[in-house]
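**Q** got a sequence here, can you model it:
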Amino acid sequence: MAAAAALEAVAPLGALWGLVQDFVMGQQEGPADQVAADVKSGSYTVLQVVEALGSSLENPEPRTRARGIQLLSQVLLQCHCLLLEKEVVHLILFYENRLKDHHLVIPSVLQGLRALSLCVALPPGLAVSVLKAIFQEVHVQSLPQVDRHTVYSIITNFMRTREEELKGLGADFTFGFIQVMDGEKDPRNLLVAFRIVYDLISRDYSLGPFVEELFEVTSCYFPIDFTPPPNDPHGIQREDLILSLRAVLASTPRFAEFLLPLLIEKVDSEILSAKLDSLQTLNACCAVYGQKELKDFLPSLWASIRREVFQTASERVEAEGLAALNSLTACLSRSVLRADAEDLLDSFLSNILQDCRHHLCEPDMKLVWPSAKLLQAAAGASARACDHITSNVLPLLLEQFHKHSQSNQRRTILEMILGFLKLQQKWSYEDKDERPLSGFKDQLCSLIFMALSDPNTQLQLVGIRTLTVLGAQPEKEHSVLKKVLLEDEVLATMVSVIATATTHLSPDLATQSVAHVVPLFLDGNISFLPENSFSGRFQPFQDGSSGQRRLVALLMAFVCSLPRNVEIPQLNRLMRELLELSCCQSCPFSSTAAAKCFAGLLNKHPAGQQLDEFLQLAVDKVEAGLSSGPCRSQAFTLLLWVTKALVLRYHPLSSCLTDRLMGLLSDPELGPAAADGFSLLMSDCTDVLTRAGHAEVRIMFRQRFFTDNVPALVRGFHAAPQDVKPNYLKGLSHVLNRLPKPVLLPELPTLLSLLLEALSCPDSVVQLSTLSCLQPLLLEAPQVMSLHVDTLVTKFLNLSASPSMAVRIAALQCMHALTHLPTPVLLPYKPQVIRALAKPLDDKKRLVRKEAVSARGEW
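**A** Presented below is the predicted three-dimensional model:
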């Protein structure tokens, strides 16, 4: 039995010996995998493999020894987890000893050590022993790339599993690795080496006196200049190396004294990639540096960044320069030194202001925007920096806006102000009075009003954007400002800008925009607004605040300026909401805006059942409102705008609504307003129902209105009680004043007596309207007017002493126009007129005196 067992044991060993011979002497590669598989299966142990290799490992021929060790190393790479601690100790001693062997043997020895570095059963102390042996015995950089990579892998494995042991080596480990890496050129190895250096620093290994050496051995690759070969199987990109090296260089403040001069040198070079890499690395360094590291280099860093932003032709370099400046400022903002230490942030920002501030006064020069960008980059770094720069720059820009009168210069200045205002939103201030903006609210509002009322569309749009940013400030901090922004004057200006911009939208953009805007007002859907800061719901038609309801004016400006072929979403619901709001008594501005918006949409709506339904709803709403109650004024305004919408397009219902309006002339409460309403019906609007806004405006609507309604007005005047007659005269005067004069002349003989009576009306509006109507008639129909010269002279002279300056001027202009009548008609009145016109020569208003001199001179 014992003999049989011995034979069974010998047989496998014989097979093992054969496999070893085939690999070592026969130069076959397959046996190595077979041996490893047999060890894994338990056919034999690693120790038996070593014994079978005995003669090969002791062979005097280096190539044979190398093949023997190669076989053992390949088996260990696959079977290292099966090793016992005792076996690991012997194998490491064997491999360390072989590091002194012939250079042909070394690659196989390193592969074996790599396998052993993966062993879980590695006893304490052996990792240090292996690395010491490699540092001492192997000149790594003389090895081929793959073998150098093996050394890096051994170090990486030990750093991952034996960190405390390696730290026990102190700075010797760092020095040993510096020697290993020094001179490395292959990008595959550099990626691993950079990672090792990063771990050395980030895991707090001792660098000892070798900080500068470690910096030098890595920084020599900066900036990375590597172009991967075509069809590179390894797939290493230049960006991989750049990011890996940057992580090392920016990993510790201890590199600052060596790195910052290098970065400044490379930023100042002529190579674009070097500039970009250096600025990006500086940006990364600022995350770990403090004031202490930056202090000595701040002037040079600022000079280099300023030069790149001022002079560069590359947008990327400019962007990276601004980002680096932002990071530098942020670093100085968060670093806290001793209380008695110099405050570097204030002095740094003062230097920036000194170099950039004066360029802001030259909005036409090329350095104005680079300077603004530099200041904004610094201001965007912290609340303190923002406060420092904004409080210096904002007063200057406000002053420059008033100094420069050209629209393009003002646009540049306002765009710069807008940039600084946007930065304010980044920072929260516990005390609202701390916010630098708080001292400039009134000036900013005044400046925005000027921009919005400027004829230059580009300046208006910047004004709108500035207004939007101001309006988005937190409610508690800017309630006063918000109140100002919702003033009638401001909203009216914004309406004009929005209406003008909307008329120029392309059909596609108009359709996209209306699909957002209408749901915004109906449902409060603010999801499409960028950087929206609504603190609550936005529902102006429901329970919105009065401020929200006032914004319906902006909706009116937009939807009433769209082309007629753009479909309005949820139109039925929108019209009903507008109708409801138009009779809301709490906010006259909102109700009028809603009435105008309803009328604007009504005017463009194609004829058909839906239009008839909207009209019936409007008539019902008007009648219900006019009957009684607190909403009569709002219902009248709705009637007026709906009537105008229909008059402009010759809609049959317009005559019924005009009759209703005429009936209101005798209303004790609404009579005067109804008379003024005729002025609105005959006038051109600026915000809604305009030809520019694609409204349906028939070419001769005034002539038609005159023909249809003036006879009824005349009849009404004659039939009206004495106290109501002025309302009819006023309405008639408005209609005639805005009628083309060729249409009026044939009717003049029948209407002139009414016009003359209107001059006796105590209402200055009627007087002014009638005078404006009569002046051109004196020039164009002198024969007819001559018949009434006595009345005209008397009335005009009386009105030249009116309390209203506008009436006095108009009366004197009419006296001047009288001189166009035939001279024989005028001569009897000459002395009387010259005496009477002496009085307005001493009028307290210059414009009145001017007209008096002109009229008296003609007489």
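
**Q** going forward, measure contacts and count neighbours with C-alpha atoms only.
**A** Will do.

**Q** pLDDT below threshold where in the stretch 1-150 of the chain?
**A** 1-13, 26 (pLDDT under 70).

**Q** and the strands in it, which stretches?
**A** Assigned by DSSP state E, counting those that start in this stretch, the stretch 1-150 of the chain shows no strands.

**Q** give the contact list for Leu122.
**A** Residues near Leu122 by Cα atoms under 8 Å, 6 or more residues apart in numbering: Glu85, Val88, Val89, Leu116.

**Q** which residues touch Asp488?
**A** Neighbour list for Asp488: Phe589 [criterion: Cα under 8 Å, 6+ apart].

**Q** distance check, it against Gly547.
**A** To Gly547, Asp488 is 11 Å away according to Cα to Cα, to the nearest Å.

**Q** kindly report the same for Val49.
**A** 90 Å.

**Q** ditto for Thr64
**A** The separation that Thr64 has from Gly547, given Cα to Cα, amounts to 93 Å.

**Q** highest neighbour count among the contacts of Leu122?
**A** Leu116 (28 neighbours; other Cα atoms under 10 Å).

**Q** tell me the contacts of that one?
**A** Leu76, Leu77, His80, Val88, Ile92, Leu122.

**Q** ok, Thr64 and Gly547, which is more surrounded?
**A** Taking neighbours as other Cα under 10 Å, Thr64 and Gly547 compare with Thr64 leading, 20 against 16.

**Q** looking at this protein, which helix or strand is least sure?
**A** helix 479-485 (a mean of 55; mean pLDDT, DSSP states H and E).

**Q** next SSE downstream of that helix?
**A** Where DSSP states H and E defines the elements, the next helix or strand beyond helix 479-485 is helix 488-503.

**Q** buried residues, that next one. List them.
**A** Neighbour counts over helix 488-503 (16 or more other Cα atoms under 10 Å) mark 490-503 as buried.

**Q** in TSV: those residues, plus pLDDT and distance to Leu509.
**A** Output for those, formatted as TSV (pLDDT from 0 to 100; distance: Cα to Cα, whole Å):
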residue	pLDDT	distance to Leu509
Val490	70	26
Leu491	76	24
Ala492	78	24
Thr493	74	23
Met494	77	20
Val495	82	19
Ser496	80	19
Val497	77	17
Ile498	82	14
Ala499	84	15
Thr500	81	15
Ala501	79	12
Thr502	84	10
Thr503	83	11
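
**Q** may I ask which helix or strand encompasses Leu638?
**A** Using DSSP H and E, the element containing Leu638 is helix 632-648.

**Q** mean confidence (pLDDT) on that helix, please.
**A** Averaging pLDDT along helix 632-648 yields 92.

**Q** can you pull out the helices in the stretch 301-450 of the chain?
**A** For the stretch 301-450 of the chain, applying DSSP state H, counting those that start in this stretch gives helices covering 315-334, 344-356, 368-379, 383-403, 407-424, 441-452.

**Q** tabulate those in TSV, adding columns for mean pLDDT.
**A** TSV is the format used below for those (pLDDT from 0 to 100):
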stretch	mean pLDDT
helix 315-334	94
helix 344-356	93
helix 368-379	95
helix 383-403	91
helix 407-424	90
helix 441-452	79
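
**Q** which one among the contacts of Leu122 gets closest to Leu748?
**A** Taking Cα to Cα as the measure, Leu748 lies nearest Leu116 of the contacts of Leu122, at 118.0 Å.

**Q** tell me the spacing between that closest one and Lys185.
**A** Distance of Leu116 to Lys185, given as Cα to Cα: 27 Å.

**Q** now do Val647
**A** 86 Å.

**Q** so these two - more neighbours on which side?
**A** Remark: of Val647 and Lys185, Val647 carries more neighbours, 26 against 12, as counted by other Cα under 10 Å.

**Q** isn't that one up against Leu657?
**A** No. Taking contacts as Cα atoms under 8 Å, Val647 lies outside contact range of Leu657: 9.4 Å.

**Q** going by distance to Leu739, which of the buried residues of helix 488-503 wins?
**A** Distance to Leu739, by Cα to Cα, is smallest for Ser496 among these, at 26.1 Å.

**Q** touching, that closest one and Leu555? I think so.
**A** No. Contact criterion Cα under 8 Å: Ser496 and Leu555 do not qualify, at 11.8 Å.

**Q** anything in contact with each of these two?
**A** In terms of Cα under 8 Å, 6+ apart, Ser496 and Leu555 are not both contacted by any residue.

**Q** any low-confidence regions in the stretch 451-600 of the chain?
**A** 471-487, 489, 527-537, 543-545.

**Q** just the helices in it please.
**A** For the stretch 451-600 of the chain, the helices defined by DSSP H, counting those that start in this stretch cover 457-471, 479-485, 488-503, 507-523, 546-550, 552-559, 571-582, 588-604.

**Q** switch these over to a markdown table; also include distance to Gln145.
**A** Listed next are those as a markdown table, based on distance: least, Cα to Cα, whole Å:
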| stretch | distance to Gln145 |
| --- | --- |
| helix 457-471 | 59 |
| helix 479-485 | 69 |
| helix 488-503 | 66 |
| helix 507-523 | 60 |
| helix 546-550 | 71 |
| helix 552-559 | 69 |
| helix 571-582 | 74 |
| helix 588-604 | 78 |
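
**Q** before we move on, back to that, so which of the contacts of Leu122 comes closest to Leu792?
**A** Of all the contacts of Leu122, Leu116 has the smallest distance to Leu792: 121.4 Å, by Cα to Cα.

**Q** and the closest one, how far from Ile154?
**A** Applying Cα to Cα, the value for Leu116 to Ile154 is 9 Å.

**Q** do Asp277 as well
**A** For Asp277, the distance to Ile154 equals 31 Å [Cα to Cα].

**Q** one more: Phe215?
**A** 22 Å.

**Q** neighbour count: these two, which is higher?
**A** Relative neighbour count places Ile154 above the other of Phe215 and Ile154, with 23 against 19, counting by other Cα under 10 Å.
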